[in-house]
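Chemist: quick one: sequence and predicted model below, then my questions.
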Amino acid sequence: MIDIKFLRANPEIVKENIKKKFQEEKLELVDKVIELDRQYRETKVECDNLRNQRKVKSKQIGGFMAKGQKDEAEKLKAEVSEIGMKLTEMEELEVKLEADIHEIMLVIPNMIDESVPIGKNDSENVEVEKFGEPFVPDFDVPYHVDIMEKVKGIDIDSARKTSGNGFYYLCGDIAQLQSCILSYARDFMIDKGFTYYIPPFMIRSDVVTGVMSFAEMEGMMYKIEGEDLYLIGTSEHSMIGKFIDTIIPESELPKTLTSYSPCFRKEVGAHGIEERGVYRIHQFEKQEMIVVCKPEESMEWFNKLYSYTVEFFRTLDIPVRTIECCSGDLADLKVKSIDVEAWSPRQKKYFEVGSCSNLGDAQARRLKIRVKDEDGNKYFAHTLNNTVVAPPRMLIAFLENNLNEDGSIRIPEALRPYMRKNIIAVPEKR
């Protein structure tokens, strides 16, 4: 959510930003909110005037009563009563106008960074850099589920019976592998100086609307029936929500946090849920990184965050590349975003395994996350988030890039202290 003062002073700049995001249907909202804002400010002034009039006349009533001038006092009482009724009417209008403005401001997209490439959708995203040499072995790489089934590490059929499509049982070495990857990711981020958290896995609606757009919420979040609670789609939601309505001393910034959580997603949309696979699923686990910082430091942190994910994947012998999201592919709250994609030897192409986002002060403005400097001045913090690792997709990249021709799976050196083995072997047939 952008600053209403900025919109009021720069309506054409806001409209140009909307055009860059190819959301022309929202252009009329700028003029609409400016008019509502004008009415709101006029109404607020009138309310203040009415309160002042009521206060002055109420004091005069006391003076008349003290002098025994009851007729004059009664006349003023009638005037005060009339002012009170008018004030009630105007206060109700003030509240309504404020709510209408807030609702529209939640829909107007955040100002994107000037470095963001302009494009309509993800087909126009821009490759930034490659890390590691993409490799295709001289044997066929099976589908990731087939790799896991060969080492008896997944059971999709049973999960389909208990839970439907979009779920699976991991077992044996593959279940251990996922847990070890998450443990390694936790320690990797702790070594970077981040504080480890396990957050609540459910959040209230005011936090949901503070961290994401309505469109994202509708397509992602599971609502708990009969309660004001939603299952989180990523731990970023509850980690940023942790700071709702707080004032952080500037000396405590930056806040650098890394969090583990299960994640729950509807996965509504064009991609859908795979019948047999773990790329798009309803439930998974993830290690996330979150930063709350001063505005002037947010771009520096943005570059650090996605570089950590690149470094993490390279320690596991997985080639990756970074892709900058174009304007039309940015969610409405985001200022700038870069995806990290891993190499798939089977598909001979890269696929997304993580996303790094700078949200400027959009989430902080919605959630009232403020910073207080040493002079007592307050301003909104900047928030950032990035995926360290999400094992379902990470497992695909890991298995394909560390697969041996006989179906066994190499364990990279960085992960061996966690797995306590160098290889996941194919079980002997009985």
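Modeler: Structure's in. What do you need? Numbering: from 1, shown residues only.

Chemist: flag the shaky bits of the chain, pLDDT-wise.
Modeler: 214-216, 267-277, 430 (pLDDT under 70).

Chemist: how about the helices in the stretch 1-150 of the chain?
Modeler: In the stretch 1-150 of the chain, the helices defined using DSSP state H, counting those that start in this stretch lie at 4-9, 11-20, 27-66, 70-105, 144-150.

Chemist: mind listing what's buried along the fourth one?
Modeler: Translated: helix 70-105. Residues of helix 70-105 classed as buried by neighbour count (16 or more other C-beta atoms under 10 Å): 73, 76-77, 80, 83, 87, 90-91, 93-94, 97, 100-101, 104-105. C-beta: built from backbone N, CA, C; applies to glycine.

Chemist: chain center to that helix, what's the gap?
Modeler: The chain centroid and the centroid of helix 70-105 are separated by 40 Å, computed with C-alpha atoms, centre = their mean, to the nearest Å.

Chemist: any idea which of the buried residues of helix 70-105 is closest to Pro417?
Modeler: Pro417 lies nearest to Met105 out of the buried residues of helix 70-105, by C-beta to C-beta, at 49.8 Å.

Chemist: contacts only, for the closest one.
Modeler: Going by C-beta atoms under 8 Å, 6 or more residues apart in numbering, Met105 touches Met1, Ile2, Ile4, Leu7, Val33.

Chemist: one more time with 10 Å
Modeler: When contacts are counted by C-beta atoms under 10 Å, 6 or more residues apart in numbering, Met105 touches Met1, Ile2, Asp3, Ile4, Leu7, Leu29, Val33, Leu36, Asp37, Arg365, Arg366.

Chemist: equivalent analysis for Pro427, please.
Modeler: Lys150, Val151, Lys152, Gly172, Asp173, Gly407.

Chemist: and stretch 356-375, what's buried?
Modeler: Buried, per 16+ other C-beta under 10 Å, within stretch 356-375: 356-367, 369-371.

Chemist: okay but Met221 is in contact with Phe264, surely?
Modeler: Yes: under the criterion of C-beta atoms under 10 Å, Met221 makes contact with Phe264 at 8.1 Å.

Chemist: give the residues shared as contacts by the two.
Modeler: Joint contacts of Met221 and Phe264 (C-beta under 10 Å, 6+ apart) are Tyr230, Leu231, Ile232, Gly233.

Chemist: now tabulate those in JSON lines and tack on neighbour count.
Modeler: As requested, the shared contacts of Met221 and Phe264 are exported to JSON lines (neighbours: other C-beta atoms under 10 Å):
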{"residue": "Tyr230", "neighbour count": "21"}
{"residue": "Leu231", "neighbour count": "20"}
{"residue": "Ile232", "neighbour count": "27"}
{"residue": "Gly233", "neighbour count": "24"}
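
Chemist: what is the nearest of the residues you listed to Pro109?
Modeler: Out of these, the member with the shortest distance to Pro109 (by C-beta to C-beta) is Gly233, at 19.9 Å.

Chemist: what comes up buried for stretch 159-178?
Modeler: Neighbour counts over stretch 159-178 (16+ other C-beta under 10 Å) mark Ala159, Asn165, Gly166, Phe167, Tyr168, Leu170, Asp173, Ile174, Gln176, Leu177, Gln178 as buried.

Chemist: tally of neighbours for Val278?
Modeler: Counted by other C-beta atoms under 10 Å, the residues lying close to Val278 total 21.

Chemist: start at 316, not 1
Modeler: Renumbered: residue one is now 316, and that last one reads Val593.

Chemist: so who does it touch?
Modeler: 459-460, 463, 469, 471, 481-483, 485, 599, 706-708, 710-711.

Chemist: count of residues packed around Tyr665?
Modeler: Neighbours around Tyr665, by other C-beta under 10 Å: 21.

Chemist: three-state assignment of the residue lying closest to it once chain neighbours are set aside?
Modeler: Of all residues not flanking Tyr665 in the chain, Glu656 sits nearest, at 3.8 Å (C-beta to C-beta, 6 or more residues apart in numbering). Secondary structure, DSSP: H, G, I helix; E, B strand; the rest coil: Glu656 is strand.

Chemist: before we move on, the earlier item: any chance of JSON lines for the contacts of Pro742, columns distance to Glu565 and secondary structure?
Modeler: Output for the contacts of Pro742, formatted as JSON lines (distance: C-beta to C-beta, whole Å; DSSP: H, G, I helix; E, B strand; the rest coil):
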{"residue": "Lys465", "distance to Glu565": "55", "secondary structure": "helix"}
{"residue": "Val466", "distance to Glu565": "52", "secondary structure": "coil"}
{"residue": "Lys467", "distance to Glu565": "54", "secondary structure": "coil"}
{"residue": "Gly487", "distance to Glu565": "50", "secondary structure": "helix"}
{"residue": "Asp488", "distance to Glu565": "48", "secondary structure": "helix"}
{"residue": "Gly722", "distance to Glu565": "55", "secondary structure": "coil"}
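
Chemist: of all those, which two lie farthest apart?
Modeler: By the measure C-beta to C-beta, Gly487 and Gly722 form the most distant pair in the contacts of Pro742, at 14.0 Å.
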